[in-house]
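Enquirer: Build me a model from this:
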Amino acid sequence: MDLPITLPPKESREPHESKESIYRALRKVPNSFARRDVAQQRLELDRFISASFSSGPCYYYVLDFLNLDKPMLVSPEIKTILGLDPENTTIESLIDRGHPEDIPFVAKAEETAFSILKNQIGMARVKEFKISYSGRLRVADGSYRLFNHQAIILDTDERFGVARTLGIHTDISHLAQQGNRKLSLLNLHGGENYRNIDVFNNPDHFLATPSLFTRRELEIVELLAEGKTSAVISELLGISAHTVKNHRKNILKKSGCKTTGHLVSKCLNEGLI
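Expert: Model prediction:
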């Protein structure tokens, strides 16, 4: 079974049509997994996200493909950030928060991501990868802010493929105002990645590339994104300040960035951290 999302022809993509295409496509993906206790599930997710994803203004949600009409499991932060009721947030209400100009890209990014996962990476390995791209969402005060979207697959079904996904939206508008309109699929274990995919113009097959940073370098970038100084990073990682300095030089060189601010902005925008 092909996974989401089928779009109308490019010339006919109106914002409201694109939103409807996302929602209709999601409804077609079944799920055979029952929910566990909500409080326990939220606790487990809180622990996982705090250990695995960058800090910052963010919220998470669990998309259950069998129950798309029902409220999702959502973190309480969505109330402060988007102004949505955590107890009544559905995937449709979240899609409706997307900027009209970004919706066609989001739809195509989702379609491309699931195609790569299914056809090139293989369903046996989909849990090893994180889907990442950026787009604007309407926040509680009515303005639009740029968010980095990250998603991982929680459950799969042998017959239908994807069953549940965990999505994390992080506000990165203090670092960038416009997304790069590119998709990345990043290996959570530091293996091969699919980075900066132009979802509208690339050919059907995408080449995997080695991870841009080593595990140690990624740790340092994540700490820099949290505002930690080299001295603090040295203490936290148990390495010398000189070693941290050398890592920072190598990281800037690899990324093509001249400043730490530019580095953090680029990494967040591309979902590298």
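
Enquirer: just checking, residue 224 touches residue 265?
Expert: No. In this structure residue 224 lies outside contact range of residue 265 using Cβ atoms under 8 Å: 11.3 Å. Where C-beta positions appear, they are placed from N, C-alpha and C, glycine not excepted.

Enquirer: So between the two, which is more surrounded?
Expert: residue 224 (21 against 18; other Cβ atoms under 10 Å).

Enquirer: got a list of what the more buried one touches?
Expert: Shown in contact with residue 224 (Cβ atoms under 8 Å, 6 or more residues apart in numbering): 233, 248, 260, 263, 264.

Enquirer: Which helix or strand contains the first one?
Expert: Think residue 233. Element membership of residue 233 [criterion: DSSP states H and E] is helix 230-237.

Enquirer: What's the mean pLDDT across that helix?
Expert: Taken as a whole, helix 230-237 carries a mean pLDDT of 92.

Enquirer: Show me where the stretch 151-273 of the chain has its strands.
Expert: With DSSP state E, counting those that start in this stretch applied, the stretch 151-273 of the chain shows strands at 161-171, 183-187, 194-197, listed in chain order.

Enquirer: any idea of the mean pLDDT for the first one?
Expert: Right, strand 161-171. Strand 161-171 comes out at a mean pLDDT of 89.

Enquirer: Give the closest residue to residue 105 in space, chain neighbours not counted.
Expert: Taking Cβ to Cβ, 6 or more residues apart in numbering, and ignoring the residues beside it in sequence, residue 105 has residue 181 as its nearest neighbour in space, at 5.3 Å.

Enquirer: from the strands of the stretch 151-273 of the chain, which stretch is densest packed?
Expert: For the strands of the stretch 151-273 of the chain, the largest average neighbour count (mean count of other Cβ atoms under 10 Å) is found in strand 183-187, namely a mean of 23.

Enquirer: tell me what that one is packed against?
Expert: helix 103-116, strand 129-138, strand 194-197 (3 or more Cβ pairs under 8 Å, 6 or more residues apart in numbering; DSSP states H and E).

Enquirer: name the helices or strands packed onto the last one?
Expert: Strand 194-197 sits against helix 103-116, strand 183-187, with contacts defined as 3+ Cβ pairs under 8 Å, 6+ apart.

Enquirer: Return the residues in contact with the residue nearest to residue 105.
Expert: Residue 181 neighbours (Cβ under 8 Å, 6+ apart): 105, 133, 198, 199.

Enquirer: gap between the third one and residue 100?
Expert: Spelled out, that is residue 198. According to Cβ to Cβ, to the nearest Å, residue 198 and residue 100 sit 21 Å apart.
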